[in-house]
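1. Need the 3D shape of this:
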Amino acid sequence: MDTTPQLFGPGSRTLRRGAFSLRIQRRSLIVTFLLLIAALTVGWWNLISGSAMLGASEALAALLGTADEGTSRVILEWRAPRVVFTLLGGAALALAGAVFQSQTRNPLGSPDIIGFSTGAYTGALVVAVLGLSGLWATPIGAILGGIVTGAAVYLLAWKRGVSGMRIILVGIGVSIFLSSLNTYLVTTLRLEAAMAVATWGAGSVNDITWSHVLPLLGIGAVALPVMLANARNMQLMEMGDDAASGLGIHLERTRLIQFFCGIVLVAVVTAAAGPIAFIALVAPQLALRLTGAAAGSSHTGQLIPSAAMGALLLTLSDSLARAPMIPVSLPVGVITLILGGAYLVWLLMSMGRTSRKGA
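-> Below you'll find the predicted structure:
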């Protein structure tokens, strides 16, 4: 049995260079490339558009360090961090979504559905209530909140092992409890801080700076290789715990590693921009469909296409939030809620039709 990691999906060709091997499906590679081009194109548009519309030559000059001071400030200090964050943040959320959907073997197994995003929000709120500050204070608070929430969901769902449906049901219950706690924590803040937190809680990238991008970049640089290294084990586990165990996979260790990486990625995005809903839910599913993967195919086998799709979705959502026909710049979470809510309704209706056909 060939168990080479399928980083670009099933039905792929194996490339080998010594001890290194990689499976690449041509369609997945093409789709990933096109998604990245689309994401970078939308990101470039976001870089030059805004209240002060700049030309492509002016933006390029700012990036090369030859523009005037005003243009450089607009591009490098105000717009570039936001563009880079939406690209990296969307990819991080999509990677986490692919991992959790693989863990639960359910398209609803998303970190914003099962409470991890809410837990990260709780951790960041606790830091705000305690008055802690610093570059890493909020990210660390959000990460700890996400980890504690993940541990609680995992332990509450444990019953001689964990099942995907138990994780989802327990996660929804924990999310409801934490949402109530978050509402209470907001009421304990001063008015100015509460208003800022309310905007942040809607999922906003309006105030993103390089200080928000750097933690995401650093944590992502560590988490992504770990997730890719465990992709093969996760794919085998999707065949069932008994089959994976028979192939020598350490089930709980693999789950915990992927759980931890997914939670940390969600938490660091949440710490900077607040909980951004539905990117983690939608991106892996759209990646599966665009790459032509059959229903029930591996989610971890689609990590790279999912990341590219997530980057495009969040960058595009930010572009729509800043559209000229909208009088004010909306929190990007408002746009993702609208798009993701429509997708969730469609997904539930589709699952209902599939169940009736199976009956």
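
2. Not counting residues beside it along the chain, what's closest to residue 278?
-> Nearest residue to residue 278, sequence neighbours excluded (C-beta to C-beta, 6 or more residues apart in numbering): residue 340, at 2.2 Å. Glycine gets a C-beta too; all of them are placed from N, C-alpha and C.

3. so for the helix or strand harbouring that neighbour, what's the average pLDDT?
-> Counting by DSSP states H and E, the element that carries residue 340 is helix 332-358. Mean pLDDT, computed over helix 332-358, is 78.

4. list the helices and strands that helix packs on?
-> Under the contact criterion of 3 or more C-beta pairs under 8 Å, 6 or more residues apart in numbering; DSSP states H and E, helix 332-358 touches helix 279-290, helix 303-321.

5. one step back: give me the neighbour count for the residue nearest to residue 278.
-> 24 (other C-beta atoms under 10 Å).

6. ok, now which ones touch it?
-> By C-beta atoms under 8 Å, 6 or more residues apart in numbering, residue 340 lies in contact with 277, 278, 279, 281, 282.

7. distance of it from residue 28?
-> Distance from residue 340 to residue 28, counting by C-beta to C-beta, to the nearest Å: 23 Å.

8. Next: residue 264.
-> The value you get for residue 264 to residue 28, if C-beta to C-beta is used, is 26 Å.

9. Neighbour count for those two, which is higher?
-> residue 28 (27 against 24).

10. Report the buried residues of stretch 202-211.
-> In terms of neighbour count (16 or more other C-beta atoms under 10 Å), stretch 202-211 has its buried residues at 202, 203, 204, 205, 206, 208.

11. ditto for stretch 225-240
-> 227, 230, 231, 232, 233, 234, 235, 236, 237, 238.

12. Return the distance of it from the chain's centre.
-> 18 Å (C-alpha atoms, centre = their mean, to the nearest Å).

13. what would the helices and strands packed on helix 332-358 look like in CSV with mean pLDDT?
-> Formatted as CSV, the helices and strands packed on helix 332-358 follow (pLDDT from 0 to 100):
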stretch, mean pLDDT
helix 279-290, 90
helix 303-321, 93
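
14. And the helices in the stretch 51-200 of the chain?
-> 56-64, 69-72, 80-104, 116-130, 137-157, 164-187, 191-201 (DSSP state H, counting those that start in this stretch).

15. Can you spell out which helices and strands pack onto the fourth one?
-> With contacts taken as 3+ C-beta pairs under 8 Å, 6+ apart, helix 116-130 sits against helix 137-157, helix 164-187, helix 191-201, helix 251-273.

16. list the contacts for the residue lying closest to residue 145 once chain neighbours are set aside?
-> The shortest distance from residue 145 to any non-neighbouring residue, by C-beta to C-beta, 6+ apart, is to residue 123 (1.9 Å). Contact analysis of residue 123 by C-beta under 8 Å, 6+ apart lists 141, 142, 143, 144, 145, 146, 148, 267, 271.

17. The fifth one reaches residue 126, doesn't it?
-> When you say that, I think you mean residue 145. Yes: here residue 145 reaches residue 126: they are 6.9 Å apart, a contact under C-beta atoms under 8 Å.

18. neighbour-wise, which of these two wins?
-> Shown here are residue 145 and residue 126; by other C-beta under 10 Å, residue 145 has more neighbours (27 against 17).

19. quick one: the nearest residue to residue 67 once chain neighbours are set aside from residue 43, how far?
-> Of all residues not flanking residue 67 in the chain, residue 61 sits nearest, at 4.0 Å (C-beta to C-beta, 6+ apart). Separation of residue 61 from residue 43 (C-beta to C-beta): 18 Å.

20. More neighbours: those two, which one.
-> residue 43 (22 against 17).

21. So that one sits against residue 312, correct?
-> No: using C-beta under 8 Å, residue 43 is not in contact with residue 312, being 9.2 Å away.

22. Going by neighbour count, which residues in the helix holding residue 340 are buried?
-> 332, 333, 334, 335, 336, 337, 339, 340, 343, 344, 347.
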